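Novice: Could you look at this predicted model? Sequence included:
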Amino acid sequence: MPEDPKVLYCRLAEELSDTVTRLCVIHTGSYADAEDCYQNVFFKLYRELCKKDIPDPRAWIIRVTLNECRSLFRYTLRRRTVGLEELTGSAEDPSDLEILDIIYRLPPKYRDVIYLYYYEQLTVEEIAAATGTKTNTVKSQLKRGREKLKRYLDDGERSAAE
């Protein structure tokens, strides 16, 4: 017998709330925009659970979160950006801010896979399922994202040495 949609929703909201929040913040760059996306994602989750069963809820919610964040920037008035210091508040370790800043400078397709792989610890296959892309595409994006991160870090080290 399938689980009650309300019970399933509460369980999934508790399990995936932090993941959705972090993904929204890293993707939008603003807590206000992240909150909007977060609410839309969980509204869509509840609506979908009332209609039918979702085979892989984690992959579904990550895909919806990414799509929701992307759709936010289709509106011209939403294209304002916020500095990373506003976004993160005060970090305990200054190197954490530096790494977040570098990750935030990556194009969204690389930022998403880097975040999902390293911070959410998803496998390449799970990322492919969540983003609706092929496994080889995710591998390529991870490789290119790492290369861009390395270039940013190398440029930063050269600037600091000069």
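Specialist: Yes, it's here. Numbering: from 1, shown residues only.
Novice: what about Val124, how many neighbours?
Specialist: Counted with other Cβ atoms under 10 Å, residues neighbouring Val124 total 17. Placement of C-beta: from N, CA and C, glycine included.
Novice: my bad, Tyr118
Specialist: Quick note: Tyr118 (other Cβ under 10 Å) scores 14 neighbours.
Novice: Excluding covalently adjacent residues, which one is nearest to Phe42?
Specialist: For Phe42, ignoring the flanking residues on the chain, the nearest one in space by Cβ to Cβ, 6 or more residues apart in numbering is Ala13 at 6.0 Å.
Novice: Quick check, that neighbour in contact with Leu49.
Specialist: No. Ala13 is beyond contact range of Leu49, at 10.4 Å (criterion: Cβ atoms under 8 Å).
Novice: Compare the two and say which one has the larger neighbour count.
Specialist: Leu49 (21 against 15).
Novice: Dihedrals phi and psi, that one?
Specialist: phi -70, psi -30 (degrees, to the nearest 10).
Novice: now swap in Gln121 and tell me
Specialist: phi 60, psi 40.
Novice: Return the distance of Tyr104 relative to Val25.
Specialist: 10 Å (Cβ to Cβ, to the nearest Å).
Novice: between the two, who's got more neighbours?
Specialist: Set Tyr104 next to Val25 and count neighbours by other Cβ under 10 Å: Val25 wins out with 21 against 17.
Novice: The nearest residue to that one once chain neighbours are set aside: which element?
Specialist: Nearest non-adjacent residue to Val25, counting by Cβ to Cβ, 6+ apart: Ala34, 4.4 Å away. Using DSSP states H and E, Ala34 maps to helix 31-51.
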